[in-house]
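Chemist: Following is a predicted model, sequence given first.
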Amino acid sequence: MADRTLLRNAKVLTCSGDPEETPFDGDVLVDGGRISRVAPGGLEVDAGSTRVVDVRGATVLPGLCDAHTHISWPLDFVFDHDGVAAEPPAKHILDVASVARTFLESGYTSIIGAGVLQHGDDTLMGDFIDRGLLAGPRIVPSGPMVTEPGALGADGGLMDVVADARAMRQVVARQCDSGVKAIKLFISGDGIVPEFASEDTYMNDDMLSAAVDEAGRHGAIVTVHARSAGSIAMAARTGVQLIHHACFVDDEARRALEQRRDDVWVCPGMHYLYAVVHGDAAPWGVTADQVSRSGYDRELTSLVEGLGQLRASGIRLLSGGDFGHQWTRHGTYAAELQRYVELLGMTPVEAIHTATRNAGPLVGPLVGVRTGQIAEGYQADLQVVDGDVAADVTVLQDPARRLAVMKDGVFEYVNRQRFP
């Protein structure tokens, strides 16, 4: 097969920066795994040396990135972390492989790990994918989450527990030596477990600064579970690169984030919170009373307000967040983008930016490629979709409309019933 592929007769959404961008009629030439030309109106090539694929007016856009993933959670996961951790490793790794493939077939060509339940889930799967032995997205791998004594997760045996900055450095170094590139710290509570309220803040500046410094020595980043205002502000001022949830943003937290505008990202996980508040988890035992005691309804209101402020301040938002529960099933990842349109007032293209151009500057240096846009020199991580995603972002949730997914210039998924 030729190393050159021309996607002809496409509606091209470049994700170059305009939130009102309209897809244009054109062709995209891929050469050696990278985008070589983007040609409005069409491009003539030598059919003898170039594979020509007529996409017949379908939309071509960048492959998406989910910035908060747990590929440890199997396709039938129902909030049973201990049960998954106790699974025989041979069976479990097949579950992980199935999840990785689901991400790719859903149009996600990059993911950032946010904690594993068995050691090596992200690193081992990423290695097999990079070697071409399994289908899946490029992975920024995580390890076990890190918490402190007495905090949420400290007693379950699934997290690394550290009490001070010195111990933090040791754990971070050990994880990085095993191949981890995204160190996940738990620095706030989570009201779904009411005795660990979301407004609680864990750890301190010295511990987070040590984590950021040690991770940087190994070419890795630090990500944090941070729902409380205090944890968000602490993460921002200590150099944490990726802040998950950010549900309670106060003035101090907002100012700290604004000072780091160019090198910090916020990944809210809005759809998960929305789904729980609206009762979608009830069939799996999350009762209305438990939701009420969690404070999630108040948290969702605060999140919408806070993200509006951050968006106005130019803080980059990333799509992603705890998909894999039955009420946020694997394969439904693009529902997060729908919430940004409905609850934050984003245009569909601006929402898509949270999974493309916004993620590229964070993911690219960690995986060694330029990604997130359709432009010359960028990696050919693309998807082909039947429908105008710039008008209706929910198109990305329909598997029947997903015609093909390309990674590194190779078609990794093809809808054989609908795509030539």
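Modeler: Done, it's in.

Chemist: For the rest of this, base every contact and every neighbour count on C-alpha atoms.
Modeler: Noted.

Chemist: can you give me the strands in the stretch 51-200 of the chain?
Modeler: Listed in chain order, the strands found in the stretch 51-200 of the chain under DSSP state E, counting those that start in this stretch are 59-62, 64-69, 108-113, 138-140, 146-147, 160-161, 182-186.

Chemist: Using PDB, write out the CA atom coordinates for the last one.
Modeler: Okay, so that is strand 182-186. The C-alpha coordinates for strand 182-186 follow below in PDB (Å, rounded to 0.1, in the frame of the first residue of the first chain):
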ATOM      1  CA  ALA A 182       1.000  11.500  33.800                       C
ATOM      2  CA  ILE A 183       1.200  11.400  37.600                       C
ATOM      3  CA  LYS A 184      -2.300  11.600  39.100                       C
ATOM      4  CA  LEU A 185      -2.700  13.100  42.600                       C
ATOM      5  CA  PHE A 186      -5.800  13.100  44.600                       C
END
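
Chemist: who does it touch, helix- and strand-wise?
Modeler: strand 146-147, strand 221-226 (3 or more CA pairs under 8 Å, 6 or more residues apart in numbering; DSSP states H and E).

Chemist: Would you mind finding the most buried of these?
Modeler: When you average the neighbours per residue for each of the helices and strands packed on strand 182-186 (mean count of other CA atoms under 10 Å), strand 221-226 leads with a mean of 28.

Chemist: For the next helix or strand after that one, which helices and strands make contact with it?
Modeler: Tracing the chain C-terminally past strand 221-226 and defining elements by DSSP states H and E, one meets helix 229-238 next. Judged by 3+ CA pairs under 8 Å, 6+ apart, the packing partners of helix 229-238 are helix 205-217, strand 221-226, helix 251-259.

Chemist: ok, now with 10 Å
Modeler: Counting contacts by 3 or more CA pairs under 10 Å, 6 or more residues apart in numbering; DSSP states H and E, helix 229-238 packs against helix 205-217, strand 221-226, strand 242-245, helix 251-259.

Chemist: which stretch among these comes nearest residue 344?
Modeler: Closest to residue 344 of the helices and strands packed on helix 229-238 is strand 242-245 (CA to CA; 14.8 Å).

Chemist: where does the stretch 301-420 of the chain have low pLDDT?
Modeler: The stretch 301-420 of the chain contains no residues with pLDDT under 70.

Chemist: related to what we said a few turns ago, looking at the helices and strands packed on helix 229-238, which one is packed in the most?
Modeler: Burial of those is given as mean neighbour count (mean count of other CA under 10 Å); strand 221-226 ranks first at a mean of 28.

Chemist: what is the rounded mean pLDDT of that one?
Modeler: When pLDDT is averaged along strand 221-226, the result is 98.

Chemist: Partner strands of that strand and their direction?
Modeler: Neighbouring strands of strand 221-226 in its sheet, by DSSP bridges, are strand 182-186 (parallel), strand 242-245 (parallel).

Chemist: Take these and write them to JSON lines, including mean pLDDT and distance to residue 146.
Modeler: Listed next are these as JSON lines, based on pLDDT from 0 to 100; distance: least, CA to CA, whole Å:
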{"stretch": "strand 182-186", "mean pLDDT": "98", "distance to residue 146": "5"}
{"stretch": "strand 242-245", "mean pLDDT": "98", "distance to residue 146": "14"}
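
Chemist: got those strands as JSON lines, with distance to residue 55 columns?
Modeler: As requested, the strands paired with strand 221-226 are exported to JSON lines (distance: least, CA to CA, whole Å):
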{"stretch": "strand 182-186", "distance to residue 55": "36"}
{"stretch": "strand 242-245", "distance to residue 55": "36"}
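
Chemist: Which one of those lies nearest to residue 346?
Modeler: Taking CA to CA, strand 242-245 is the member of the strands paired with strand 221-226 nearest to residue 346, at 18.1 Å.
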